[in-house]
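**Q** no sequence on hand, only this structure:
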Ligand SMILES: Nc1ncnc2c1ncn2[C@@H]1O[C@H](COP(=O)(O)OP(=O)(O)OP(=O)(O)O)[C@@H](O)[C@H]1O
């Protein structure tokens with residue numbers, strides 16, 4: 001019978017490999033239900049390395065320049081959108097969400113500042129790319145097409161408790177497969193809640209935390225419109241967002257709609273992009289006929 005001497009290299013390898021296997025098994029045996037080993041992530045990591053296009057989000061058709069910076073609209077993220085008063089936050093988010101919705105992203109709008117019918121009218125103009133009051137004969141045709149979109153609206157208006165909002169969002173995720181939720185805006189949603197200004201900041205921090213958590217656990221994208229601080233100055237920066245630093249810390253993306261600056265054009269300013277760190281600006285022109293930016 002062949003006998004393998006204990007000090008051969010083969011034997012050392014065998015011992016080393018069996019020790020590694022035991023260590024791996026030992027590691028995995030002791031993993032808590034909420035703790036992962038690399039093995040659990042391996043296939044996803046491969047996918048990110050070998051197929052980066054796949055891990056990118058849905059791309060915008062209307063604003064291709066935004067894709068080059070943000071790399072698409074991804075589930076599980078929280079985007080903060082801010083900009084000066086009347087600077088186009090609702091208009092741009094309406095257009096962008098419609099753009100993703102047309103690509104098949106089921107979308108839920110929470111419009112706490114403007115009535116749903118006004119928002120839907122704006123979206124219908126953007127959908128038709130024209131001022132439909134000038135084309136009344138076409139109204140039914142466009143409305144029928146618009147009605148086919150996987151688009152939903154929350155009934156809430158102005159002050160609404162965050163838990164009430166999230167309950168409705170949860171229902172929309174479960175029943176309609178919603179993947180993008182737009183809340184416009186945080187201040188109107190939280191208005192008249194909290195007695196002192198300190199209370200209000202705490203309330204806002206808690207709401208941000210809840211929304212962040214919802215986006216992650218439900219794997220949906222939340223776009224949250226937040227007003228700037230009073231008098232944010234000519235060009236806004238990340239500190240111009242109203243509230244504590246938590247608002248922008250919790251966000252994966254921070255987008256500021258800046259007033260005329262670059263060559264006299266207003267521009268979309270991507271100030272934070274946690275996905276790959278690319279930031280940058282996209283000048284745009286607002287078309288009053290279609291209510292779209294391009
Ligand atoms: N870039 C733009 N240039 C000029 N007018 C615009 C632009 N974007 C939107 N508008 C128009 O300005 C008005 C306000 O736009 P919108 O409601 O989108 O701004 P907002 O930033 O959401 O406002 P608020 O600060 O009140 O929430 C609308 O009538 C809209 O059609």
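**A** Here it is on my side, so go on. The shown structure was predicted, so the numbers you read here are calculated from the model rather than taken from an experiment.

**Q** show me which residues of the stretch 1-150 of the chain are close to the ligand?
**A** 83, 85-91, 113 (Cβ under 6 Å from any ligand atom). (C-beta placed from N, C-alpha, C; glycine too.)

**Q** which single residue of the stretch 151-294 of the chain ends up nearest the ligand?
**A** In the stretch 151-294 of the chain, the residue that lies nearest the ligand is residue 286 (3.4 Å; Cβ to the nearest ligand atom).

**Q** tell me the confidence at that residue?
**A** We have a pLDDT of 94 for residue 286.

**Q** please verify my assumption that it contacts residue 293.
**A** Yes: using Cβ atoms under 8 Å, residue 286 makes contact with residue 293 at a distance of 5.3 Å.

**Q** common neighbours of these two, please.
**A** 88, 91 (Cβ atoms under 8 Å, 6 or more residues apart in numbering).

**Q** for the stretch 51-200 of the chain, which segments count as helices?
**A** 52-55, 64-70, 89-102, 116-128, 139-147, 162-176, 186-190, 197-218 (DSSP state H, counting those that start in this stretch).

**Q** pick out the residue of the stretch 101-250 of the chain closest to the ligand.
**A** Closest point on the stretch 101-250 of the chain to the ligand, by Cβ to the nearest ligand atom, is residue 113, at 5.7 Å.

**Q** next, residue 228: phi, psi?
**A** Here is the backbone geometry of residue 228 (degrees, to the nearest 10): phi -80, psi 170.

**Q** tell me how many other residues crowd it.
**A** A total of 19 residues lie near residue 228 under the criterion other Cβ atoms under 10 Å.

**Q** what separation is there between the residue nearest to residue 152 when sequence neighbours are not counted and residue 136?
**A** Nearest residue to residue 152, sequence neighbours excluded (Cβ to Cβ, 6 or more residues apart in numbering): residue 108, at 4.7 Å. Separation of residue 108 from residue 136 (Cβ to Cβ, to the nearest Å): 30 Å.

**Q** next one: residue 96
**A** Noted for residue 96: a distance of 28 Å to residue 136, by Cβ to Cβ.

**Q** neighbour count winner among those two?
**A** A count of neighbours by other Cβ under 10 Å puts residue 96 above the other of residue 96 and residue 136, at 24 against 8.

**Q** tell me the contacts of that one?
**A** Contacts of residue 96 (Cβ under 8 Å, 6+ apart): 60, 62-63, 66, 223.

**Q** looking at those residues, which one is closest to residue 102?
**A** residue 62 (9.4 Å; Cβ to Cβ).

**Q** what about the residue nearest to residue 289 when sequence neighbours are not counted, neighbour count?
**A** Spatial nearest neighbour of residue 289, excluding adjacent residues (Cβ to Cβ, 6+ apart): residue 131 at 5.3 Å. Number of residues near residue 131 (other Cβ under 10 Å) recorded here: 12.

**Q** test my guess that the residue of the stretch 101-250 of the chain closest to the ligand contacts residue 184.
**A** Yes: between residue 113 and residue 184 there is a contact under Cβ under 8 Å: 6.0 Å.

**Q** still on that earlier bit, okay, the residue of the stretch 101-250 of the chain closest to the ligand: pLDDT?
**A** 95.

**Q** for it, which non-adjacent residue is closest in space?
**A** The nearest residue in space to residue 113 (Cβ to Cβ, 6+ apart) is residue 188, at 4.5 Å.

**Q** quickly note the distance from residue 243 to residue 146.
**A** Applying Cβ to Cβ to residue 243 and residue 146 gives a distance of 35 Å.

**Q** neighbour count winner among those two?
**A** residue 243 (21 against 18).

**Q** could I get the contacting residues of the closest residue to the ligand within the stretch 1-150 of the chain?
**A** Residue nearest to the ligand within the stretch 1-150 of the chain: residue 88 (2.8 Å; Cβ to the nearest ligand atom). Residue 88 is in contact with 257, 266, 286, 293, counting by Cβ under 8 Å, 6+ apart.

**Q** returning to what we had before: so which of the contacts of residue 96 wins on neighbours?
**A** Sorting the contacts of residue 96 by how many neighbours each has (other Cβ under 10 Å) puts residue 223 first, at 24 neighbours.

**Q** name the element it belongs to?
**A** strand 221-225 (DSSP states H and E).

**Q** and that strand, what's its mean pLDDT?
**A** 97.

**Q** no further questions, thank you.
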